[in-house]
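1. for reference, the sequence and a predicted model appear below.
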Amino acid sequence: KIGVIVPMTGPFASHGKQIMNGVKLYLAQNGDTIAGRKVQLIVKDDSPGTAGDASKRRAQELVIQDNVDILAGFSLTPEAFAVAPVATEAKKPMVVMNAATSAITTKSNYIVRTSMTLPQVTAPIASWAAKNGIKKVFTIVADYGPGHDAEGQFKKTFTAAGGEIVGEVRVPVGNPDFAPYLQKVKDTKPDAVFLFVPNGEMGIAFMKGFQERGLAQAGIKLIATGDLLDEDVLDAIGDPALGVINSFHYSQAHKSPENETFTAAYLKAYPKDRPNFMAVGGYDGMRLIAEALKKTGGNADADKFIEAVKGMKWVSPRGPVTIDAATRDIVQTVYIRKVEKVGNKLQNVEFDQVPEFKDPGKQ
Amino acid sequence: MSAVLQTRNLVKKFGGFVATNDVSLNIERGARHALIGPNGAGKTTLINLLSGFLEPTSGEVVLKGEIVTKLAQHQRVKRGMVRTFQINCLFAEMTVLEAVSLAVCERLGLGGHWWRPLAAQRDAVDEAAALLASLHLADVANEQTRNLAYGKQRLIEIALALAAKPQVLLLDEPAAGVPTSESRELFETIARLPREVTILLIEHDMDLVFRFADRISVMVNGALLTENTPDEIARDKRVKEVYLGEALDG
Amino acid sequence: MSTTAPDLSPLRRAAAWKTPELIFWLLPIAAYFLFPKSLSLLSQMAITALFALSLDLILGYAGIVSLGHAAFFGLGAYAAGFLAKYGYGDPLLGLAVGALVAAIVGYITSFLVLRGSDLTRLMVTLGVAMMLYEAANKLTEFTGGVDGLQGVEMHQVIGLFGFDLYGKTAYWYSIGVLFVLFCLARRVVNSPFGLSLRGIKQNVRRMPAIGAPVNGRLTAVYTLGAAYAGIAGALLTQTTQFVSLDVLSFPRSAELMLMLVLGGSGRLYGALIGTMVFMVAHHYLSDLNPQYWQFWLGAVLVLVVLFARDGVMGLAQKMIKAGKS
Amino acid sequence: MAELLKLENVWAGYGGSAGSVVLEDIGFSLEDGGSLALLGRNGMGKTTLLATLMGATHFKSGRMRFCGQDLAAVASHRRAALGLGWVPQERDIFASLSVEENLSVVARPGPWHLQRIYEMFPRLLERRANMGNQLSGGEQQMLAIARALMLNPRLLLLDEPLEGLAPLIVQDLLRIIGRMVATGDMAVILVEQHAHQILPLTQQAVVLERGRVVYSGASDALRRDRSRLDNWLGVGVH
Amino acid sequence: MTIIFDGLAAGMLLFLISVGLSVTLGLMNFVNLAHGAFAMLGGYVCALLLARAGVPFLLAAPAGAIVAALAGVVLERTLYRRLYGASHLDQVLFSIGINFMAISAAHYFFGAQQQAIVLPDFLRGQIKLPGLDVGVYRLFLIVIGLTLALGLQWLVGSTRFGAQLRAAVDNPRAARGLGINVERIFTLTFALGSGLAGLGGALGIEMLGLDPSFPLKYIVSFLIVVAVGGSGNIKGSLIASLMLGLFDVAGKYYLPQAGAFVIYVVMVVMLIARPQGLFGRSAAK
Ligand SMILES: Nc1ncnc2c1ncn2[C@@H]1O[C@H](COP(=O)(O)OP(=O)(O)OP(=O)(O)O)[C@@H](O)[C@H]1O
Ligand SMILES: Nc1ncnc2c1ncn2[C@@H]1O[C@H](COP(=O)(O)OP(=O)(O)OP(=O)(O)O)[C@@H](O)[C@H]1O
Ligand SMILES: [Mg+2]
Ligand SMILES: [Mg+2]
């Protein structure tokens, strides 16, 4: 029995949808009987996803009422933080399939993560920029925890590599109009803008403004982490996204046999959606659960389960991944990509990579 | 000097319109003073200024020798000056008894008491009940105010003012909408108030005014036209021309 | 004079405890035995009910509409959270501090809501709450920002009962606090002070003319409402041992208003029943249909307004009346 | 003359949860150009009766014919077009409209127009740009009467129109009503507390007691019948 | 100065999406928090016509407005009408309920993702003037906003319809008794309000995006404009929107640290200075 906690409604509804798509796809492909036991999913909507009390209550219910063996899901950091004590106290393994704050895995010994951490995908783009002739960067991040993290990591890596930060702003979350910030960027004339905002409408608004204001023509590049341009929003941004350079751990256009089978199956099962990193997080999370249970012979005891996942290795649709035995966090290749038109679809095409990259936030 | 209520050069402007024009009025303790004048002359505005409902553009209001121009309405009520409204201003969803008890509680300074229930404030409730009985409102005491006919509501308007045991009572057309017979009784109740209570009355019913008042001021276009005894006013040609017409002839 | 004395009995009866009320307060005890596995939901219901009660004091009685009541809830939550995080984990102390902090801010901001129409008050309260929200969001180092405040360690309630996974202690603790504060609120609204609040709500123009200091009364009740909300917030922190930024958010204020109106404002029990109905509906609908439950919740709200003006309590009262006649 | 208004067995009251019946079995009739004084103590149902004619209460049963039409079947807002003009007791001035807008917003073509109204109430001309909620009590009363006249009705319903008006204006108004009644331009129903002021002006009178008609007949006869007047309308009526 | 221009444009967008609420809440005194749902409907109609049927933007946006207006008529006739007499709080509850339903329905039919629109070429890009970069779409919004503001101001302030509407809101009982067809006026006005909402929704997609959570996401913005402008006042709403837009944009440019505070501080200060809104009526009655 697996209890999944994700926001299914509200502003983060698409997170829940993608994660569940991934989880269900894995079960559909590999059968829902693992180590002789039938898997039962219980989905709890804890929208908006930012209210820890709701998430924690959902977790308690899953444990007490539904007697689940494993807690999974967790699209946003507050969800994971609030539930961590429940996992510890109830001795249940907790599989984080999306939430990206570095510290999450330290909050309980039973937490394992199959997504990424923010520093993990931020650092590579900073190094890449420094290496590729970008000297002056203006950073724009959303004004909330993850934004502050991204800003910090980018600064650290970029300045260490000899770059210079010529301006930085923190934009209120949900802010629809980037005009003043973009104007400021234009007036500052940096080589590039580094952007981190929560995936969704803010990114779209930014990209539109970026184009409208003609920043690219003014010789200013845009670099970002890949969540800005994930497959769920890429179509909504449209052509303004072309040419943006970003770093991330998954792209629908990743070239590997694993990914081809994955995307084909995904598009068949969910013709309305495109697979993105959350779907992969869910897919790999489910895979991790299945493999771990196979190892323990179906025993979901938290200590045994966690022992089983430590050091686990497999080839995910995103590429080869490992669970770090020390931190229970994921180690994976981070790619540098550029948005291009493939056929008539916008895709993140990979052109560089940092293999087996560990979360720098924990060093 | 026994004037209990005075105004000094009171002026009120609404934009460019002068509603109160340099009014200086003296009202003696215990007076039964009537204020008459054509519609829109500024009578209600004057009461609004006296009671603090409006702030004057300039001039002063003096109550019992103290300048109260800057005081808030409720502070003037605490000092004994209470008004009624020309157009009913009631608590639509309270029962009549609750509304009057509320007013009594405020006078007794119980309004901020939050521990003992209202019903346990026996003095206040009994006083409210007695007041309702004296105004023949006992039978509607537990009805919601908004379900009463206009005339009854008019009486509650006055009951709320009386509950404050005023020393200076400002009445703005108290009898409007009350049938003749009952307005008589109403005025008898008012007349039975202790002699030292000062009353300023606005009324267009000349029968009542001339029976009740011992002094009358006439206002026209925001300014005082004249002030005199009822007999003199009745004889005054100017008053007849602008206000009375044939009212006292018939 | 022919004067008959008015009948005073309806007034006398108004403040007495009635049988349905006593039965109502047996429900939490019954619920403990009937739903032993849902205690965490039930205690969050109790906390939210307390929060709704605090809004009822200012909205239902004094007529101050607020879309920012979460400000005080959040203040109480963070106050209790910091206190516990830095070692003072005694629950009752946390409640007191939560109440105090919220009350102080409530008192200060009450001057902003004295004037103006409903809409103005809505927006001013909302503005205050949003500023607090942004402040908490910016002060990531202290509050944890959106990630939430962690490390809240609670001591035992009165040194005896520790908080457990099943939420037993949390449940009795929340219900106990709710009951005590409800009784207090009940006294307040039945007192002359409560009557004067109703007076202000029904006709602010008249109140000063009968000698009531309107602003003083509004300030007092707003501060009281803030303190109640602060206690509710502190309770939430203590029972979940976590503070998310969401405690200050706009949806929390807005949803609270929905619950209160759903139950029927100005009745105290409306706040409790509205919270119960809303949270139970929310809970079951979202379990039945995690993706589209909002549709059904919306339908419930629409139907309630169309067929039960004045909320659930209004409907209940109407039915009792109809039953009697 | 033709019959203008006829009520038979009318029952009406207020809706809502309580659902009280105020008017019971009301019946009377009025000729075109006729005049009727509607009398009764406080709370006897006078206002309710006028409001029922305007469709603003809960009509239970009975028949109301106006100009040969079944009034109950006509929507409230169409009754003005049929020829009813209403001066509500609480004045009900539109607060956010200026004096002039209050008049023009309901205007219908006919002998009464803005100019004539302003001649009759010069005070309104002076205050024409004022908002409805910034008028003195008496000015509001004038405006309510003037507004009803702007509808150019065949039957004017006046609910205590003299209340709050200065004596001079009252005299003018009574003269005008008297003239209207005399020329038969417009029929009127007048509700008044001061029976002595209006009984001389009207041809017919109806007295209500607890929602029932207790007198329906000539005004003159009622005026002379001191004992019945005292009985129904209270002591002290001249 | 580009910042001033951007501020005006942002303000105008605020005006466009909230003017419909100014009509229903301000003029009709109905707290229609489902305003955003009508806006969303207009937005989806516009986006779908553009993307699926290839209708040009200048037709698709008005089509969004018309569909929203029609939906307004239907809902007014069937549901809203019953609540005119209800308390504001009941209206809040009801319209939030409608919002919830609309959100789920949009989610069901269109999915949770953002809708994309592609503007026609002549509305894209910037015109460069000396010292000023004028975004074409922003200019377009300013022009439409001004036109609408003037038209509405005239409709409400100077026509008989406007006066009848205000009368009907002040006192429906008396208005009916004096021959005003209150029901019809309310239906028409409600249609106007929801049509404007639809138009705002359609014009706003480019800058605000469009997804099922739209109705609740921008509710605060709508309310700020109406409250600061003074309810029921078109001129007030316009000026309030422009001021808020200017302060917001300038604040973000010159004081980015203050971020989200600026708009709330400005709002609270303005409301405390003028509790009835910039051009609000003084306390009624
Ligand atoms: N809105 C209402 N709801 C319920 N009952 C009402 C309502 N308005 C009036 N009543 C009741 O109807 C009865 C008749 O009232 P109405 O106003 O018709 O009397 P009236 O003869 O006009 O009195 P007045 O001389 O005081 O104006 C009264 O008993 C009153 O309480
Ligand atoms: N807020 C306001 N703005 C503009 N003018 C006003 C305002 N309030 C009152 N007025 C005007 O001031 C004048 C005086 O009004 P007031 O109410 O004092 O008259 P009044 O003497 O009481 O008349 P009545 O006998 O008719 O009650 C009126 O012409 C009125 O239109
Ligand atoms: Mg007056
Ligand atoms: Mg009457």
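-> Looks like it came in fine. Ligands and ions are numbered 1, 2, ... in the order given.

2. show me what contacts the most centrally placed residue in chain E?
-> With distances taken as Cα atoms, centre = their mean, residue E:18 lies nearest the centre of chain E, 2.1 Å away. By Cβ atoms under 8 Å, 6 or more residues apart in numbering or on different chains, the residues touching residue E:18 are E:35, E:200, E:221-222, E:225-226, E:237, E:241. For glycine as for every other residue, the C-beta is placed from the backbone atoms N, C-alpha and C.

3. check which helix or strand residue A:348 maps to.
-> For residue A:348, the host element (DSSP states H and E) is strand A:345-357.

4. quick one: buried residues of that strand?
-> Of all the residues in strand A:345-357, those buried under the rule 16 or more other Cβ atoms under 10 Å in any protein chain shown are A:346-350, A:353-354, A:357.

5. picking up where we left off before, most neighbours among the contacts of residue E:18, which one?
-> The residue in these with the most neighbours, by other Cβ atoms under 10 Å in any protein chain shown, is residue E:200 (34 neighbours).

6. if we can go back for a sec, assumed the residue nearest to the centre of chain E was part of a strand.
-> No. Counting by DSSP: H, G, I helix; E, B strand; the rest coil, residue E:18 is not part of a strand but helix.

7. any idea how far it is from residue E:134?
-> Distance, residue E:18 to residue E:134, by Cβ to Cβ, to the nearest Å: 24 Å.

8. with residue D:33 instead?
-> Counting by Cβ to Cβ, the separation of residue D:33 from residue E:134 is 70 Å.

9. what residue of chain B is the furthest out?
-> The centre of chain B is farthest from one residue, residue B:115, which by Cα atoms, centre = their mean lies 33.1 Å away.

10. for the chain, which segments count as helices?
-> No chain was given, so I picked chain A. Applying DSSP state H to chain A gives helices spanning A:13-30, A:52-64, A:77-90, A:118-131, A:145-160, A:179-188, A:201-212, A:231-237, A:257-269, A:277-296, A:302-309.

11. you answered for a different chain; I wanted chain E.
-> Under DSSP H, chain E gives helices at E:2-21, E:35-48, E:57-78, E:88-110, E:136-158, E:160-170, E:172-177, E:182-208, E:214-217, E:219-229, E:234-254, E:261-273.

12. most tightly surrounded among the ones you listed?
-> Per residue and on average, the most neighbours among these fall to helix E:35-48, with a mean of 29 (mean count of other Cβ atoms under 10 Å in any protein chain shown).

13. next one, pLDDT for residue C:305 please.
-> On pLDDT, residue C:305 comes in at 86.

14. helix or strand for it, which one?
-> Under the criterion of DSSP H and E, residue C:305 resides in helix C:293-307.

15. close to chain D, is that helix?
-> No. Helix C:293-307 lies out of reach of chain D by Cβ under 8 Å from any Cβ of the partner chain, never closer than 13.6 Å.

16. is it true that residue C:171 touches residue C:32?
-> Yes. Counting by Cβ atoms under 8 Å, residue C:32 is a contact partner of residue C:171 at 6.6 Å.

17. returning to what we had before: make JSON lines from the helices of chain E and add mean pLDDT and distance to residue B:202 to it.
-> Formatted as JSON lines, these follow (pLDDT from 0 to 100; distance: least, Cβ to Cβ, whole Å):
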{"stretch": "helix E:2-21", "mean pLDDT": "87", "distance to residue B:202": "43"}
{"stretch": "helix E:35-48", "mean pLDDT": "93", "distance to residue B:202": "46"}
{"stretch": "helix E:57-78", "mean pLDDT": "93", "distance to residue B:202": "45"}
{"stretch": "helix E:88-110", "mean pLDDT": "89", "distance to residue B:202": "35"}
{"stretch": "helix E:136-158", "mean pLDDT": "89", "distance to residue B:202": "36"}
{"stretch": "helix E:160-170", "mean pLDDT": "90", "distance to residue B:202": "26"}
{"stretch": "helix E:172-177", "mean pLDDT": "91", "distance to residue B:202": "26"}
{"stretch": "helix E:182-208", "mean pLDDT": "91", "distance to residue B:202": "35"}
{"stretch": "helix E:214-217", "mean pLDDT": "85", "distance to residue B:202": "53"}
{"stretch": "helix E:219-229", "mean pLDDT": "84", "distance to residue B:202": "38"}
{"stretch": "helix E:234-254", "mean pLDDT": "86", "distance to residue B:202": "36"}
{"stretch": "helix E:261-273", "mean pLDDT": "85", "distance to residue B:202": "36"}
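
18. which one of these lies nearest to residue A:142?
-> Residue A:142 sits nearest to helix E:234-254 of all the helices of chain E, at 13.4 Å, using Cβ to Cβ.

19. and that closest one, does that touch chain A?
-> Yes. Counting by Cβ under 8 Å from any Cβ, chain A has neighbours in helix E:234-254: E:248-250, E:252-253.

20. sorry, back to before: so which of the buried residues of strand A:345-357 comes closest to residue A:296?
-> The closest of the buried residues of strand A:345-357 to residue A:296 turns out to be residue A:357 (Cβ to Cβ; 28.8 Å).
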